[in-house]
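# Got a predicted structure here, sequence first:
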2 protein chains.
Amino acid sequence: MPTSARPLRRDAQRNRDLLVTAARELFAARGLDVPLDEIARTAGVSSGTLYNHFPSRDDLVDAVFSDRTATVVRISEHALSLPDAWSGLVHFLERVCELQAADRGYNDLVSRRGPQPTPAGDPALGYAMMSRIIERAHEAGVLRPDCTLEDMVFVTWGIARTVEATTAVRPEVWRRHLALILDGFRAPAAHPLPEPPLRPDELMRIMREFC
Amino acid sequence: MPTSARPLRRDAQRNRDLLVTAARELFAARGLDVPLDEIARTAGVSSGTLYNHFPSRDDLVDAVFSDRTATVVRISEHALSLPDAWSGLVHFLERVCELQAADRGYNDLVSRRGPQPTPAGDPALGYAMMSRIIERAHEAGVLRPDCTLEDMVFVTWGIARTVEATTAVRPEVWRRHLALILDGFRAPAAHPLPEPPLRPDELMRIMREFC
DNA sequence: GCACAAGTTGGGAGTGTTCTCAACTTCGCC
DNA sequence: GGCGAAGTTGAGAACACTCCCAACTTGTGC
């Protein structure tokens, strides 16, 4: 589906694409804070053009990562198609964390906004599928009953930091961190938790405020 | 123990203290990236004076947080004095995480450098005590055997991010995150881990390179 | 109380980034 | 092939921060 209003003029569309492509690469390699000037230079256009298409850095970030929502939905679908509920949950988290590990920009994004970060597409859809995965694991009795969807952001945040710190030295070590956390999520591991889970609205507030 | 060389002139010492105090407060409230100018202004001295005492931001950070090593040692001692090995480990991690939660600057520091961040005092000492806590938990059979000292940085990093994101909305929710992780650390929770632990030298490299 | 080393000052040069805008170029339709 | 709208340019204003230094002030030992 084309984005909106008037269709862009051909050269404008081309420049827009060049910008998004350049940004995608630079974000992936060096994180979300690369200078906009450099993105423009890499794309071969002037900074004014960049600003013309994307008034703020966030607009560019959204454009670059708008595909991720769909990817996460695909991962969720595959997770739900696995016969074993626990494997489904593990598969989901592993694949999502792989996305983080593969792209420093996405990792930044996730660590600032949590999973399902992009506004494009239907954000609720991603959450709906995720909660289906969790519900299924609860029903099968493999996921500890006190563990909620909202607790999954702890995984996301934790892995984000681990990836950030370790990629240079041991790019795959986040898998160990994830496995350790997952062992704490299994039903038999459960011991009483000291704090109630984040409520959905609290999580929303965090996402919104914690830019 | 006084720091070094010539004892500072009285007014210089006073200014130095004012700077450290101002920095401590601003770091705690707003993280490690507050402008140096603002610290100088808050302390009531000029930026030149700040620069005179602390040629780089890191020097100031070190001065502000030099006490933390001793605090962590005290926490370790108390942890070791508890009769139950598991309680000792939990106590240690909880107290250290409380330090993080109480001070945004320290949280930044920890998330950039891991626990035992400050060079002042004997950094090896902190690690030695920590490894004693872990060893004891291993011997008692309560900590899963494949869990190493190096794995504890995952706790640190993860909590750092959680604290950062959630303090505004639910300042104590990191305790839930910690409890979940700890349940994964218990001996009966153990399932095979996919990656070998970080080696001590790898961890060192990460600390050094990961600014 | 004097002299001079020690310490302080505050403005300014240097750097790196975002954002703007008036002048210019290009596209696509007639 | 030419016109107007759409799009682009690139230099520079604005900002925020670090670092420096020549002129000044203050503390301390004599």
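Cool, got the structure. In this text, all values refer to a predicted model and were calculated from it rather than measured experimentally. Numbering: from 1, shown residues only, chains lettered A, B, ... in the order given.
# contacts and neighbour counts: CA atoms only from here.
Will do.
# And the top helix by length along chain A, what does it pack against?
In chain A, with assignment by DSSP state H, the single longest helix is helix A:57-81. Applying 3 or more CA pairs under 8 Å, 6 or more residues apart in numbering or on different chains; DSSP states H and E, one finds that helix A:57-81 contacts helix A:10-30, helix A:85-102, helix A:123-139.
# so how far is that helix off the chain centroid?
Offset of helix A:57-81 from its chain centre (CA atoms, centre = their mean, to the nearest Å): 7 Å.
# Could you tell me how many residues sit around residue A:154?
Number of residues near residue A:154 (other CA atoms under 10 Å in any protein chain shown) recorded here: 23.
# How about the residues of chain A by chain B?
When proximity is defined as CA under 8 Å from any CA of the partner chain, chain A approaches chain B at A:111-112, A:151, A:154, A:157-159, A:161-162, A:165-166, A:168-170, A:172-173, A:175-177, A:179-185, A:188-191, A:193-198, A:202, A:205-206, A:210.
# Among these, which ones are in helices?
A:111-112, A:154, A:157-159, A:161-162, A:165-166, A:175-177, A:179-185, A:202, A:205-206.
# are any of the residues you listed buried, and which?
Taking 16 or more other CA atoms under 10 Å in any protein chain shown as the criterion, what is buried in these is A:111-112, A:154, A:157-159, A:161-162, A:165-166, A:175-177, A:179-185, A:206.
# quick one, which of the helices and strands packed on helix A:57-81 is nearest to residue B:101?
Closest to residue B:101 of the helices and strands packed on helix A:57-81 is helix A:85-102 (CA to CA; 25.5 Å).
# Now do the closest one against helix A:152-166, angle only.
Computed by axes from the mean of the first three to the mean of the last three CA atoms, to 10 degrees, the angle separating helix A:85-102 from helix A:152-166 equals 40 degrees.
# So what angle separates the directions of helix A:85-102 and helix A:10-30?
Angle of helix A:85-102 versus helix A:10-30, following the same axes, to 10 degrees, is 100 degrees.
# looking only at pLDDT, what's the mean for helix A:85-102?
Across helix A:85-102, pLDDT averages out at 97.
# next one: stretch A:198-211
For stretch A:198-211, the mean pLDDT works out to 87.
# repeat for stretch A:45-55
Here the average pLDDT along stretch A:45-55 is 95.
# For it, report the contacting residues that lie outside it.
A:15, A:16, A:19, A:36, A:37, A:40, A:41, A:60 (CA atoms under 8 Å, 6 or more residues apart in numbering or on different chains).
# Could you list the contact residues of chain A toward DNA strand D?
Residues of chain A lying near DNA strand D by CA under 7 Å from any atom of the strand: A:8-9, A:11-16, A:44-49, A:52-53.
# wait, which of those residues is closest to residue B:131?
Closest approach to residue B:131 among these (CA to CA): residue A:47, at 52.6 Å.
# Could you give me the buried positions within stretch A:46-62?
A:50, A:51, A:54, A:60, A:61, A:62.
# Closest one of those to DNA strand C?
Nearest to DNA strand C out of these is residue A:51 (CA to the nearest atom of the strand; 5.2 Å).
# On the three-state scheme, that closest one is what?
When classified by DSSP: H, G, I helix; E, B strand; the rest coil, residue A:51 comes out as helix.
# OK, contacts around residue A:141?
Contacts of residue A:141 by CA under 8 Å, 6+ apart are residue A:187.
# and with 10 Å instead?
The contact partners of residue A:141, by CA atoms under 10 Å, 6 or more residues apart in numbering or on different chains, come to A:85, A:86, A:135, A:186, A:187, A:188.
# State the phi and psi torsions of it.
Phi and psi for residue A:141, reported as degrees, to the nearest 10, are phi 80, psi 20.
# rewinding a little: burial-wise, tell me which of the helices and strands packed on helix A:57-81 comes out on top.
Of the helices and strands packed on helix A:57-81, the one with the most neighbours on average (mean count of other CA atoms under 10 Å in any protein chain shown) is helix A:85-102, at a mean of 20.
# just checking: which of the residues of chain A next to DNA strand D also lie near DNA strand C?
Okay, of the residues of chain A next to DNA strand D touching DNA strand C (CA under 7 Å from any atom of the strand), that's A:9, A:11, A:47, A:48.
# Among those residues, which one lies nearest to residue A:97?
Among these, residue A:47 lies closest to residue A:97 (CA to CA), at 33.2 Å.
# Tell me how far that closest one lies from chain B.
The gap separating residue A:47 from chain B is 27 Å, by CA to the nearest CA, to the nearest Å.
# ok, now residue A:127?
Counting by CA to the nearest CA, the gap from residue A:127 to chain B is 19 Å.
# my guess is that residue contacts residue A:149, does it?
Yes. Here residue A:127 reaches residue A:149: they are 8.6 Å apart, a contact under CA atoms under 10 Å.
# what residues do these two have in common as contacts?
By CA under 10 Å, 6+ apart, the residues touching both residue A:127 and residue A:149 are residue A:133.
# just to revisit the earlier point, go through the longest helix of chain A and flag the buried ones.
Result for helix A:57-81 [16+ other CA under 10 Å]: buried residues A:60-66, A:68-73, A:75-77, A:79-80.
# For residue A:131, which non-adjacent residue is closest in space?
The spatially closest residue to residue A:131, leaving aside those adjacent along the chain, is residue A:149, at 6.1 Å (CA to CA, 6 or more residues apart in numbering or on different chains).
# Give me the phi and psi angles of residue A:191.
Main-chain dihedrals, residue A:191, degrees, to the nearest 10: phi -120, psi 160.
# go on, the one 4 residues further on?
In terms of degrees, to the nearest 10, the main-chain angles of residue A:195 are phi -130, psi 150.
# how about the nearest residue to it, chain neighbours excluded?
Using CA to CA, 6+ apart, the nearest residue to residue A:195 is residue B:176, at 5.3 Å.
# starting at the chain centroid, how far to stretch A:56-64?
Centre-to-centre, stretch A:56-64 and its host chain are 15 Å apart (CA atoms, centre = their mean).
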